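Student: When you get a sec, could you give me coordinates for this:
(one chain, ligands or ions: 2)
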Amino acid sequence: MQDHKHTDHDEHHDTNHDGHDHSHHGHDHSHMIEDFKKRFFVSLLVTIPILILSPMIQNFLGVNWRFTGDMYLLFALSTFIFFYGGKPFLKGSFDELKQKNPGMMTLIALAIVVAYVYSSLTVFGLPGSNFFWELATLIVIMLLGHWIEMRSVMGASNALEELVELMPSEAHRIDENGEISDVQIKELTEGDQVLVKPGEKVPVDGIIIKGQSTNDESMLTGESVPVEKEIDDEVIGGAINGEGSLTVSVMKTGEESYLSQVVTMVKEAQESKSKTQNLSNRAAKWLFYIALAAGIMTLTVWLMLGESFNYALERMVTVMIIACPHALGLASPLVVARSTTLAAKRGLLIRNRTSFEEARKLQTVVFDKTGTLTEGKFGITNIHLEEGFEEDDVLMLAGSLEGESEHPIAQGIVEDVKKRGITFERPETFESLTGQGLQGKVKDKGVKIVSPGYVDEQQISYNRDTFEQLSSQGKTVVFVIVDDKLAGMIALADKIRESAKQAITDLDNLSVQSMMLTGDNKKVAKWVADQLGLDDVFAEVLPHEKADKIIEIKEKGLEVAMTGDGVNDAPALANADLGIAIGAGTDVAMETADVVLVKNNPNDVVSILSLSKSTYRKMIQNLWWATGYNIVALPLAAGILAPIGIVLSPAVGAMLMSLSTVIVAINARFLKA
Ligand SMILES: Nc1ncnc2c1ncn2[C@@H]1O[C@H](COP(=O)(O)OP(=O)(O)OP(=O)(O)O)[C@@H](O)[C@H]1O
Ligand SMILES: [Cu+]
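Tutor: Numbering: from 1, shown residues only. Ligands and ions are numbered 1, 2, ... in the order given. Model (predicted):
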């Protein structure tokens with residue numbers, strides 16, 4: 001576990017600096033921070049004699065402490081600072097150039113190399129005066145800036161580490177003879193039994209086999225109230241156990257555990273670069289060339305205006321330092337890191353950043369009915385039989401056949417028939433009629449359980465009044481056909497999710513339309529739509545037509561999200577601008593979706609929308625902070641206000657650069673869900 005954590009940390013860190021090529025950040029974060037800190041203090045110490053030795057400073061103080069060979073001592077001390085304090089920047093620039101990707105490190109390196117080489121040459125005979133003291137203060141400030149900046153960056157991005165920290169490392173294993181021993185999580189295997197004491201962190205994903213309690217899963221799913229847990233309920237590793245003691249049978253540990261998968265997903269999402277991010281990366285790259293050009297131009301212009309080479313060079317160095325596209329490179333990655341983790345903690349797993357960021361533009365949200373707007377838990381309410389059929393016989397045949405199906409309707413029928421104490425037969429054959437039902441052979445009888453649509457298609461006659469009456473009450477009706485003769489209809493009721501109503505009201509307030517897409521009958525669909533106040537309904541849609549419907553809506557020029565849970569929703573999820581899978585659904589749905597909702601709560605669609613909006617707002621804000629700073633600071637550094645006496649020294653430039661980065665980091669931290 002410990003090792004695992006360590007690598008997480010590294011990878012995560014690199015991720016945040018994608019495109020920024022902060023090569024000097026490539027190692028362990030806290031180690032780097034320590035390194036900058038040490039280099040800062042040592043350089044600061046060496047800067048003091050440099051200041052004292054500098055003729056310019058002595059001049060300024062009105063003293064004369066010159067002695068023979070003092071310039072050589074100054075040169076020696078400055079050389080030390082240049083190599084020791086400047087090393088992270090020189091090395092960083094070397095890495096950037098090796099990757100043919102010059103950026104901020106190259107700019108800084110260029111600036112200090114120019115300052116150092118020029119000053120050294122003056123010591124050895126070149127006419128002009130050195131500015132070693134400025135080189136030294138520049139390096140000191142730069143080290144300080146990067147040190148502070150790394151700390152704030154870490155603050156903004158370590159939300160993922162917070163998730164990783166939730167991972168438990170030890171468990172109390174109950175051995176076969178009933179003895180309890182404390183073991184590392186990685187020693188556990190599926191089927192092991194562990195004890196979770198009150199107030200402890202649940203160590204693994206598993207099923208409760210003894211005891212009852214409540215679990216606080218808020219850090220994992222965002223569920224704010226503790227969840228009641230009893231025998232046969234599942235627990236999630238990382239949740240906090242309440243007042244009861246639990247015996248849990250281990251299902252998943254390590255990489256396979258829920259928390260581990262969330263962490264992986266968050267990491268992947270943070271790595272997947274969105275358009276906004278690419279934009280700022282490209283801008284940062286351009287800024288390198290702009291800075292270089294501005295630097296050279298500054299030098300030329302001041303020389304042409306008759307200023308000394310000294311003065312002109314100093315201006316050029318300041319320009320290059322200030323133009324360092326530091327803040328710009330961090331502006332959006334920091335927000336991304338923050339929002340992805342924030343989302344994960346509330347049970348919104350973002351798998352595709354680009355779609356997530358585009359979600360702010362959504363105009364329409366399409367919901368699948370069964371399992372999304374409703375709970376997908378059917379119960380039989382009415383059975384209407386045709387002449388000559390016995391209820392128990394029909395239910396036996398229906399239950400036996402449905403035993404082979406995964407459909408929520410099937411599960412409802414099987415469960416209710418079982419409750420009546422009827423025993424099933426294994427069907428001899430079985431075949432599903434996609435989106436219409438299924439057929440097979442049970443006890444030598446040909447049995448079909450099908451939708452009203454199928455019955456109409458086959459022109460089989462049935463009692464329309466009963467059917468209309470049941471379906472207008474929102475009940476889903478299926479028909480049982482035995483040996484090509486209609487045996488009867490079974491009506492099933494599903495519950496509408498309370499949260500669905502809230503979701504649709506909230507979406508309406510945001511001027512987003514809600515629509516429903518279902519394979520179920522039109523009457524049932526209408527009933528559900530009326531209950532929820534939906535804007536539009538598409539019923540009796542066959543699975544392959546679901547995607548077509550989404551495309552149709554898109555063609556009208558609407559930004560559309562699709563929310564669903566089933567295998568048959570997957571193509572629609574893939575085609576929508578934003579595919580949202582409801583967590584308890586199938587793996588296929590989750591894999592095609594852009595966002596997964598862990599809590600099965602349609603209201604989380606609204607959360608996605610608002611988080612997407614606030615994330616985007618933060619990004620734009622940060623980009624403005626970062627570029628705005630450059631727009632103001634560059635001309636200042638070039639010396640545009642020199643005529644009225646305002647000139648920035650390279651060190652002040654370095655301070656401003658760090659300040660803008662710190663602002664951007666702090667701003668990202670203030671992102672709220
Ligand atoms: N296993 C099954 N048993 C009985 N009827 C079924 C079964 N599978 C499908 N059907 C019939 O086919 C219809 C369409 O099924 P489909 O799975 O496409 O959509 P759905 O689950 O009803 O709704 P939604 O699209 O909202 O999830 C059902 O309403 C039902 O009438
Ligand atoms: Cu920088």
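Student: Which phi and psi values does Val598 adopt?
Tutor: Main-chain torsions, Val598, degrees, to the nearest 10: phi -70, psi -30.
Student: what does the model give the closest residue to it other than its chain neighbours for pLDDT?
Tutor: Nearest residue to Val598, sequence neighbours excluded (CB to CB, 6 or more residues apart in numbering): Gly347, at 3.7 Å. The C-beta positions use only the backbone N, C-alpha and C, and glycine is treated the same way. Per-residue pLDDT puts Gly347 at 81.
Student: Does Gly347 touch Val595 like I think?
Tutor: No. Applying CB atoms under 8 Å, one finds Gly347 not in contact with Val595, separated by 10.6 Å.
Student: Neighbour count for those two, which is higher?
Tutor: More neighbours surround Val595 than the other of Gly347 and Val595, with 27 against 22 (other CB atoms under 10 Å).
Student: And that one, how far from Met516?
Tutor: Separation of Val595 from Met516 (CB to CB, to the nearest Å): 19 Å.
Student: And for Ala665?
Tutor: Distance of Ala665 to Met516, computed by CB to CB: 43 Å.
Student: can you check Asp216 too?
Tutor: Distance, Asp216 to Met516, using CB to CB: 34 Å.
Student: What separation is there between Ala574 and Glu555?
Tutor: 16 Å.
Student: So those two - more neighbours on which side?
Tutor: Between Ala574 and Glu555, Ala574 has the larger neighbour count (other CB under 10 Å), namely 16 against 8.
Student: Count the neighbours of the closest residue to Ile240 other than its chain neighbours for me.
Tutor: Take Ile240 and drop its neighbours on the chain: the residue closest to it by CB to CB, 6+ apart is Asp216, 4.2 Å away. Applying other CB under 10 Å, we find 17 residues neighbouring Asp216.
Student: same deal with the one 10 residues further on?
Tutor: Here the number of neighbours of Pro226 (other CB under 10 Å) works out to 17.
Student: And for the one 3 residues further on?
Tutor: Here the number of neighbours of Lys229 (other CB under 10 Å) works out to 24.
Student: Pull up the gap between the residue nearest to Val598 and Ala410, please.
Tutor: Counting by CB to CB, the gap from Gly347 to Ala410 is 28 Å.
Student: One more: Thr214?
Tutor: Taking CB to CB, one finds Thr214 at 33 Å from Ala410.
Student: For the two, indicate the residue with more neighbours.
Tutor: It is Ala410, of Thr214 and Ala410, that has more neighbours when counted by other CB under 10 Å, with 22 against 17.
Student: Just give the closest residue to Phe131, not the sequence neighbours.
Tutor: Nearest to Phe131 is Ser119, by CB to CB, 6+ apart, at 5.7 Å.
Student: hang on, that neighbour packs against Trp133?
Tutor: No. At 9.4 Å, Ser119 does not count as touching Trp133 under the criterion of CB under 8 Å.
Student: Tell me if the host helix or strand of Ile551 is near ligand 1.
Tutor: Element membership for Ile551 (DSSP states H and E) is helix 543-555. Yes. Using CB under 6 Å from any ligand atom, helix 543-555 comes into contact with ligand 1 via Pro543.
Student: Who are the packing partners of that helix?
Tutor: strand 364-368, strand 513-517, strand 560-564, helix 570-575 (3 or more CB pairs under 8 Å, 6 or more residues apart in numbering; DSSP states H and E).
Student: got the angle for that helix vs strand 560-564?
Tutor: Counting by axes from the mean of the first three to the mean of the last three CA atoms, to 10 degrees, helix 543-555 lies at 160 degrees to strand 560-564.
Student: buried ones in helix 543-555?
Tutor: The neighbour-count check on helix 543-555 (16 or more other CB atoms under 10 Å) flags Pro543, Glu545, Lys546, Ala547, Lys549, Ile550, Ile553 as buried.
Student: which one of the residues you listed is nearest ligand 2?
Tutor: Ile550 (45.1 Å; CB to the ion).
Student: gap between that closest one and ligand 1?
Tutor: In this structure, Ile550 and ligand 1 are 13 Å apart, going by CB to the nearest ligand atom, to the nearest Å.
Student: Quick check, that residue in contact with Met562.
Tutor: Yes. Applying CB under 8 Å as the test, Ile550 and Met562 come out as touching, 5.5 Å apart.
Student: Next, show the common contact partners of those two.
Tutor: Here Ile550 and Met562 have Val366, Leu517, Ala572, Asn575, Ala576 as joint contacts, going by CB atoms under 8 Å, 6 or more residues apart in numbering.
Student: Using the record's assignment, carve this structure into domains.
Tutor: 170-261, 348-373+497-598, 377-495 (the TED database).
Student: Dump these to JSON lines, plus distance to Ile81.
Tutor: Converted to JSON lines, the domains of the chain look like this (distance: least, CB to CB, whole Å):
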{"stretch": "domain 170-261", "distance to Ile81": "46"}
{"stretch": "domain 348-373+497-598", "distance to Ile81": "42"}
{"stretch": "domain 377-495", "distance to Ile81": "70"}
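Student: and of these, who's closest to ligand 2?
Tutor: domain 348-373+497-598 (25.0 Å).
Student: So what does Ala487 have for phi and psi?
Tutor: Dihedral angles (degrees, to the nearest 10) for Ala487: phi -100, psi -30.
Student: circling back: tell me the one of the shared contacts of Ile550 and Met562 nearest Lys38?
Tutor: Ala576 (52.5 Å; CB to CB).
Student: Run a quick neighbour tally on whichever residue of the stretch 51-200 of the chain sits closest to ligand 1.
Tutor: Relative to ligand 1, the nearest point of the stretch 51-200 of the chain is Glu190 (30.7 Å; CB to the nearest ligand atom). If you count neighbours by other CB under 10 Å, Glu190 ends up with 12.
Student: nearest spatial neighbour of it, skipping sequence neighbours?
Tutor: Using CB to CB, 6+ apart, the nearest residue to Glu190 is Val250, at 5.7 Å.
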